[in-house]
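Undergrad: The following block contains a protein sequence and its predicted model.
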Amino acid sequence: QVRLVESGGGLVQAGGSLRLSCAASGLAFSSYGMGWFRQAPGKEREVVAAISRSGGRTYYADSVKGRFTISRDNAKNTLYLQTNSLKPEDTAVYFCAASLEYSWRGQEYRNWGQGTQVTVSS
């Protein structure tokens with residue numbers, strides 16, 4: 001059974017940083033493209049970043065370019081999202097997801113975690 005478990009969320013002041021992690025089990029992690037998505041209250045889910053199987057290709061939403069970094073450790077079956085210079089508009093539940101393809105489209109992802117809350121105060 002595929003399991004994705006996010007951690008690292010919390011409350012931080014604007015300008016601060018958080019490192020999100022996603023521990024994967026029940027799948028051949030290195031065979032999956034991975035992504036981070038977020039959903040704020042009253043808004044649709046949106047892609048934050050995506051990374052290819054090897055980590056050689058990455059994609060970022062324009063809203064987070066230059067501030068967030070996605071990475072993965074295939075030996076540890078773990079996905080990361082380093083978030084810097086956080087803004088109040090980054091407040092959302094952040095989800096990690098697994099896809100058989102490298103993609104930034106949510107519909108390509110078949111496995112999802114439960115999410116971790118990130119709250120940025122002004």
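TA: Alright, I've got the coordinates.
Undergrad: show me where pLDDT drops low in this structure?
TA: Counting by pLDDT under 70, the chain shows no low-confidence range.
Undergrad: Quick one: the strands in it, in order.
TA: For the chain, strands defined by DSSP state E occupy the ranges 3-7, 10-13, 18-25, 33-39, 46-51, 58-60, 68-73, 78-83, 92-99, 109-112, 116-121.
Undergrad: In TSV: the ones you listed, plus mean neighbour count.
TA: Quick note: C-beta positions are derived from backbone N, CA and C, even for glycine. Shown next, in TSV, are those (neighbours: other C-beta atoms under 10 Å):
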stretch	mean neighbour count
strand 3-7	17
strand 10-13	13
strand 18-25	19
strand 33-39	23
strand 46-51	22
strand 58-60	17
strand 68-73	18
strand 78-83	22
strand 92-99	23
strand 109-112	18
strand 116-121	17
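Undergrad: ok, what's across the strand from the residue nearest to the spatial centre of the chain?
TA: The chain has Trp36 as the residue nearest its centroid, 2.3 Å off, counting by C-alpha atoms, centre = their mean. For Trp36, the beta-bridge partners are Ala49, Cys96 (DSSP bridges).
Undergrad: so what's it up against?
TA: Residues in contact with Trp36, defined by C-beta atoms under 8 Å, 6 or more residues apart in numbering, are 20, 22, 47-50, 70, 79, 81, 94-97.
Undergrad: and of these, the nearest to Gly10?
TA: Ranked by distance to Gly10 (C-beta to C-beta), the contacts of Trp36 are led by Leu20 at 9.8 Å.
Undergrad: From Ser122, how far off is the residue nearest to the centre of the chain?
TA: For Trp36, the distance to Ser122 equals 23 Å [C-beta to C-beta, to the nearest Å].
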